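Participant: Structure for this input, please:
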Amino acid sequence: MTGKRPVLITGAAGQVGRQLARAWRTDYDLVLVDVRPIRRSKGARGVMADVRDTEDMRALCTGIDTVVHLAISGSLHSPREMLSPVNIDGTRSMFDAAAIAGCRRLIFASSLAIDIDIYADTNYAQAKREVETWAQEIAASTSLSIHCLRLGRVLSSRDRILWPGHPHLDHVLTHGDMIRLFTCSIEAPAAVHFGVFNGISDNDPTPHDISGSRALLGYAPQDDAHSLARRHYRSPIGLARRMKQRLRTPWT
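Facilitator: Numbers count the residues shown, from 1 in each chain. Below is the predicted model of the structure:
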């Protein structure tokens, strides 16, 4: 026993899982779960398993303090039948396994798509909303604390999307702020038994309210996508990008 908090991450081979595993390898005892091979990570145990197998998940959850459930399939515009096996059935299996195994908390990666008009009616957003409803019911009837984090567009702070005028700047959650958000959720007090929390960086302006994430989880984002975009625009790389754009513009 190391004395560190045991944390299990599903969907650990994905972008968010890899970032969290890298950031947490010295802070928590990590169990990384995915149906795909997982890159060797110092200080973590990798397991190939399917979240739809409740018995396997129950065994893996035994002795775990916090489950970070990231496993998904499909995308925003996938049909319901593609999403259901993992995003709905697999998530319900994970909730049941964590509750039965006696885990303290489960953190569910929901999506800010629920709050964005052009995406809110997609099958993907509807599935996330359905799971949030289950999460509240399970948290109310068991000792399992559940936090639903509605993640914005998760990006590196150096991503090319971070450019003045890009329509997704309001929704950006940088890797650094994403790690801060999940860490705050793990460490939040027992009094925060259930909640749905928006997850974006400190973007100004933005239509999304993160006051609950700040107040209840102690989340203190450090990045602003609009500020990063302006910085990229003025950088040497940004200058080269603007020159290329000008060269591609036809003469009139």
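Participant: Pull the contacting residues for the residue nearest in space to the middle of the chain.
Facilitator: Centroid-nearest residue in the chain: residue 109, 4.5 Å away (criterion: Cα atoms, centre = their mean). Taking Cβ atoms under 8 Å, 6 or more residues apart in numbering, we find residue 109 in contact with 11, 16, 68-70, 72, 149, 151. C-beta here means a position set from N, CA and C on the backbone, and glycine is covered the same way.
Participant: One more: residue 152?
Facilitator: 112, 171-173, 198-201, 208.
Participant: Just to check, residue 120 is in contact with residue 111?
Facilitator: No. Here residue 120 lies out of contact with residue 111, judged by Cβ atoms under 8 Å, at a distance of 10.2 Å.
Participant: what about the two, which has more around it?
Facilitator: When residue 120 and residue 111 are compared for neighbours, residue 111 comes out ahead with 24 against 12, by other Cβ atoms under 10 Å.
Participant: Phi, psi for the more buried one please.
Facilitator: Taking degrees, to the nearest 10, you get phi -140, psi 140 for the backbone angles of residue 111.
Participant: where in this structure is pLDDT low?
Facilitator: Residues of the chain meeting the criterion pLDDT under 70: 1-2, 240-243, 245-252.
Participant: picking that back up, next up, identify which helix or strand the residue nearest to the centre of the chain is on.
Facilitator: For residue 109, the enclosing helix or strand under DSSP states H and E is strand 105-111.
Participant: which residues touch the helix or strand just after that strand?
Facilitator: Next along the chain after strand 105-111, taking DSSP H and E as the criterion, comes helix 123-141. With Cβ under 8 Å, 6+ apart as the test, helix 123-141 has contacts from 74-80, 83-84, 87-88, 91-92, 95, 99, 106, 108, 110-111, 113-114, 119, 144-146, 148, 150, 193-194, 196.
Participant: what about the helices in the chain?
Facilitator: Using DSSP state H, the helices of the chain run over 15-24, 54-61, 80-83, 91-101, 123-141, 175-187, 211-217, 225-234, 236-248.
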